[in-house]
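In: build me a model:
(chains A, B and C)
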Amino acid sequence: MAILQFSLKQLAETLGADVVGDDSVVVSGIATLQSASAEHISFLANPAYEKYLSETQAAAVIVTAAQAKNCPVNALIHEQPYLAYAQLSHLWDTSSGINDSALSVHPRATVHASAQIADGVVIDAGVVIQAGAVIETGVNIGANCVVGTDSVIGQGTRVYAGVSIYHGVSIGQNGIIHSGAVIGSDGFGFAPDKGKWRKIAQLGGVVIGDDVEIGANTAIDRGALDNTYIENGVKLDNQIQIAHNVRVGENTAIAACSAIAGSTTIGKNCVLGGACGVSGHLHIADNVHVTAMTMVIKNLTEPGVYSSGTGVQPNAEWRKSIARLRQLDKMARRLKIVEKSLEEMGRKN
Amino acid sequence: MAILQFSLKQLAETLGADVVGDDSVVVSGIATLQSASAEHISFLANPAYEKYLSETQAAAVIVTAAQAKNCPVNALIHEQPYLAYAQLSHLWDTSSGINDSALSVHPRATVHASAQIADGVVIDAGVVIQAGAVIETGVNIGANCVVGTDSVIGQGTRVYAGVSIYHGVSIGQNGIIHSGAVIGSDGFGFAPDKGKWRKIAQLGGVVIGDDVEIGANTAIDRGALDNTYIENGVKLDNQIQIAHNVRVGENTAIAACSAIAGSTTIGKNCVLGGACGVSGHLHIADNVHVTAMTMVIKNLTEPGVYSSGTGVQPNAEWRKSIARLRQLDKMARRLKIVEKSLEEMGRKN
Amino acid sequence: MAILQFSLKQLAETLGADVVGDDSVVVSGIATLQSASAEHISFLANPAYEKYLSETQAAAVIVTAAQAKNCPVNALIHEQPYLAYAQLSHLWDTSSGINDSALSVHPRATVHASAQIADGVVIDAGVVIQAGAVIETGVNIGANCVVGTDSVIGQGTRVYAGVSIYHGVSIGQNGIIHSGAVIGSDGFGFAPDKGKWRKIAQLGGVVIGDDVEIGANTAIDRGALDNTYIENGVKLDNQIQIAHNVRVGENTAIAACSAIAGSTTIGKNCVLGGACGVSGHLHIADNVHVTAMTMVIKNLTEPGVYSSGTGVQPNAEWRKSIARLRQLDKMARRLKIVEKSLEEMGRKN
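Out: Below you'll find the model as predicted:
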């Protein structure tokens, strides 16, 4: 693998940053403050790591103007070091990942005659593209993916190996879909019928906007009648469940293992921590932040931070807590009685 | 795609329903009350949506006899409008999904010489069928699925793309298995051995009944010695974990992301909400309903509705709640002391 | 399928156990005490099952010396019957599972010319091996797996069908990876940038030790800058999420559906129950046991058993409990006031 080298001058130009120190110094990678050596550039984004700044072995560190005075090595001054790091990280991302062996359409891909494959696509071995599917220019589809009938994958979107996309799914531009994701599976819809379940055909589709990232083994169900919507800029981590007719608003980010039940709408610019559950038919406002493992069982109509759950305790203490929790209603009633008794005593005296 | 049209007369006959209004009216799809236009039939199943009935633009609405008087358009009278909708939905489900390009056995499927493939099956590109497997008539297996040694897929069952079925798995008739599902993986069984884990070979299989639906990315482990059982009519949503030697009883439905630990038995006609966890070696009675995100850590021997978890709160309030929860045992003791003091005061006076 | 038969003498030699009874008796399988018949050997590991010993129909039972006097049939005496069972279980594990049809490299596998494939490997149909990958001797890769650029699979490791391994992933020796697992997907890293999310390239890899088992549909993300580490002897169940830069210590076992957030370190010899969540940037000490569905939101610096969550209740009681939980802070204040009043009264009297 070639080593990519850049001078601090080049990096500063890329970022629109200023260099304090020697801008001719050359670096060949990014590393954390603790693990960096003389060929690395580093960054200080999290205040908790400021303690590592004084002893870093990095050639240079991206810092804010305020932090620069404490930087013992060359500094790149940037208002948002974390964002600067995000930008630079792509300079060293030379891998084409698990999709690299294919050039245009691999002879071992199976593409239906009626599918439309644009120029400049990469479709790897074992991929199956069904009738009427549309693969736009610049799309990269990893080995053993399946794209269902009439589905569309927008320009520049990368689909890693082993993704299953059902029929009637529309995916926007410049997305990233990780391995094992399933998009367009049937929503979980059944009508009770004399003790059995009668399946409701899931006739809607899935519409995914531009710049959406979908994590490994995440599942997004198709709508029952209308569509399921994932709007522009949404970021979904791994192992997430999006049920039928959910709408996830623009630029919302959801961490791993969260589940959104059917017909719920999540607003724009929300952040959901990992392993949250949101019940069905709810509305979550824009700019809501839900912390990890929260159980959202009502509408959240105001922006803000929301939580539930009980934090970890030593098991012996926890056993007491949950036993007491079961008695809590009784305790509340007993407290009420105590208060009344005291009040009466007060009146008597 | 052809547009499928039906007169209200035809639909009423299909359902055994009565028409109030003009039964010659033709519709070409189903839609919700809010989104329906003049070419749609709609339905009123959820009382919360009754408010949309008066303004619906649908050509006709499926309603109960009691609701018919409030229906401003043609009505189909049915005792269970939701069930009627379920039945009609299949009329418009013309897609063969992601499995449509194969006719009988696709030349790019790999079928072992000793496997038995019935007439009238569809096996798509990239499918691998191992030695001794049995694929019964009418089965449809999507692209890139794998069926292990000696496994059986019963008549009429549909397996969507990208499903992995291990050896010795038996799947009944008319089932539906969604993409990414894994059936027959090893149970999680290890014996401690001087600080390491020694694997226990998982020698049982998985037996799945008829009319079972299994959601995307759901995993069902094989048994350790005996089998894991999913009985007739069970509906499993996406991302579910069924551990070794679990038995899920007839017609039970489990929502997404729930996990059932090893050797637990779930009764018949149960409903588990999403993201529930059920500990191992438990017995859940028939007709139990567990709400979403509940932690089931004891047997549930009586039918009924069960829950756990703490609902969502603004983060600042939640912090107080969980701090107090940790003090709850102490609070209970303090309340006891207060009550005693009052009692003594009462005796004194 | 051939029936494998062993005399008790042979089994005792394998285990280093003593036989009480007739060591010429031949058995052809293992079964539980309840389901065993005259051709089976059984074992008594869980004291809860001791009640089944007196009526077992097994030909022989593996028991401790102390239990032997209660054994009504032939006994194999072993200090750890569960471990003995684990050892014997492999004698009857004759299936090669879903990977059996391939001999060396299947003609329908696609192997890049620059990949290094050792002798004695089995690579099944539909497998795609990218440039520079290294497949060591004795490795078995199931149908439709993908191995990314420059990844290494160590000697003797078995990868079941449908696994996706990204580029730059290193997997040790004698591992087992179940279907649907995804290893090396991008960590969930984004920098906020004027209301949008800017992706951070995930430049680290994944390093997995020897003797590691990874369950079905489990996902392990690659590191942001450094690697994600799964140390020797770790056992991960199904549907687990391991975020970027996590380190899971030697011989730790994690049950299904648990999620470990980014940069967290789990110690050695830990056990995490199912559906646990561990927040990011935490340290969990060695020998920590976390019970199922626990929400770990702080460091656990001492060995021991930890828990959280509220156990299942009938729904009507639960509604009261969580209503009261929301009032808990107020209740605590009211209790304080009551105590003060009593104290004042005490002083007055």
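In: count of neighbours near A:Asp286?
Out: 15 (other CB atoms under 10 Å in any protein chain shown). No exception for glycine: its C-beta is placed from N, CA and C like everyone else's.
In: mind listing what the nearest residue to it once chain neighbours are set aside touches?
Out: Nearest-residue entry for A:Asp286: A:Gly267, 3.6 Å, with adjacent residues in sequence omitted and distances by CB to CB, 6 or more residues apart in numbering or on different chains. For A:Gly267, the contact set (CB atoms under 8 Å, 6 or more residues apart in numbering or on different chains) comprises A:249, A:252, A:283-288.
In: what of A:Ala58?
Out: Per CB under 8 Å, 6+ apart, neighbours of A:Ala58: A:31, A:33, A:36-38, A:40-42, A:73.
In: ok, back up a step: the residue nearest to A:Asp286 and B:Gly162: what is the separation?
Out: Distance check for A:Gly267 against B:Gly162: by CB to CB, to the nearest Å, it reads 32 Å.
In: look at the closest residue to A:Thr291 other than its chain neighbours and report its pLDDT.
Out: Nearest residue to A:Thr291, sequence neighbours excluded (CB to CB, 6+ apart): A:Ser307, at 4.4 Å. A:Ser307 is assigned 95 on the pLDDT scale.
In: A:Ser307 reaches B:Thr310, doesn't it?
Out: No: using CB atoms under 8 Å, A:Ser307 is not in contact with B:Thr310, being 9.2 Å away.
In: circling back: who's the residue nearest to A:Thr291 bridged to?
Out: B:Gln313 (DSSP bridges).
In: who's in contact with it?
Out: Contacts of A:Ser307 by CB under 8 Å, 6+ apart are A:290-291, A:294, B:312-315, B:318-319.
In: give me the low-pLDDT residue ranges for chain A?
Out: A:1-3, A:96-103, A:349 (pLDDT under 70).
In: tell me where it has helices.
Out: A:8-15, A:81-89, A:315-326, A:328-348 (DSSP state H).
In: now stretch A:258-275: how far from the chain's centre is it?
Out: 11 Å (CA atoms, centre = their mean, to the nearest Å).
In: quick check: end-to-end length of that stretch?
Out: 4 Å (CA to CA, to the nearest Å).
In: columns neighbour count and distance to chain B on top of the contacts of A:Ala58, output as CSV?
Out: Output for the contacts of A:Ala58, formatted as CSV (neighbours: other CB atoms under 10 Å in any protein chain shown; distance: CB to the nearest CB, whole Å):
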residue, neighbour count, distance to chain B
A:Ala31, 20, 34
A:Leu33, 22, 30
A:Ala36, 24, 35
A:Ser37, 12, 36
A:Ala38, 10, 41
A:His40, 21, 37
A:Ile41, 26, 36
A:Ser42, 32, 32
A:Val73, 19, 39
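In: what's the most distant pair in these?
Out: A:Leu33 and A:Ala38 (13.6 Å; CB to CB).
In: how close does A:Ala113 sit to A:Ile171?
Out: 22 Å.
In: who's more crowded, these two?
Out: A:Ile171 (26 against 6).
In: buried ones among the contacts of A:Ser307?
Out: Taking 16 or more other CB atoms under 10 Å in any protein chain shown as the criterion, what is buried in the contacts of A:Ser307 is A:290-291, A:294, B:312-313, B:315, B:318.
In: pick out whichever of these sits closest to A:Gly154.
Out: Distances from A:Gly154 to those, taken by CB to CB, are shortest for A:Val290, at 29.2 Å.
In: which residues does the closest one contact?
Out: Applying CB under 8 Å, 6+ apart, the residues near A:Val290 are A:270-273, A:276, A:278, A:284, A:296, A:300, A:305-307, B:312.
In: now the residues you listed in CSV, with distance to C:Thr157?
Out: Formatted as CSV, these follow (distance: CB to CB, whole Å):
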residue, distance to C:Thr157
A:Cys270, 41
A:Val271, 38
A:Leu272, 36
A:Gly273, 34
A:Cys276, 35
A:Val278, 39
A:Ile284, 43
A:Val296, 41
A:Leu300, 46
A:Val305, 44
A:Tyr306, 43
A:Ser307, 41
B:Val312, 43
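In: now, which of those sits nearest A:Ile123?
Out: Closest to A:Ile123, out of all of those and judged by CB to CB, is A:Leu272, at 33.4 Å.
In: okay, now the domains of chain A?
Out: A:6-92, A:102-306, A:316-348 (automatic domain parsing).
In: pick the most deeply packed of these.
Out: Comparing the domains of chain A by mean neighbour count (mean count of other CB atoms under 10 Å in any protein chain shown), domain A:102-306 comes out on top with a mean of 23.
In: let's have the contacts of A:Ser307 in CSV, adding distance to C:Arg158.
Out: Formatted as CSV, the contacts of A:Ser307 follow (distance: CB to CB, whole Å):
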residue, distance to C:Arg158
A:Val290, 40
A:Thr291, 39
A:Thr294, 39
B:Val312, 43
B:Gln313, 47
B:Pro314, 49
B:Asn315, 46
B:Trp318, 45
B:Arg319, 47
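In: so which of the residues you listed is the closest to C:Tyr229?
Out: Among the contacts of A:Ser307, and counting by CB to CB, the member closest to C:Tyr229 is A:Thr291, at 26.6 Å.
In: list the contacts for that closest one?
Out: Applying CB under 8 Å, 6+ apart, the residues contacting A:Thr291 are A:273, A:305-307, B:315.
In: one more: A:Ile141?
Out: With CB under 8 Å, 6+ apart, A:Ile141 has these contacts: A:99, A:121-124, A:127, A:129, A:135, A:147, A:153, A:159.
In: what about 6 Å?
Out: A:123, A:127, A:159 (CB atoms under 6 Å, 6 or more residues apart in numbering or on different chains).
In: which among these gets closest to chain C?
Out: A:Val127 (9.8 Å; CB to the nearest CB).
In: ok, now how distant is the closest one from C:Ile129?
Out: 16 Å.
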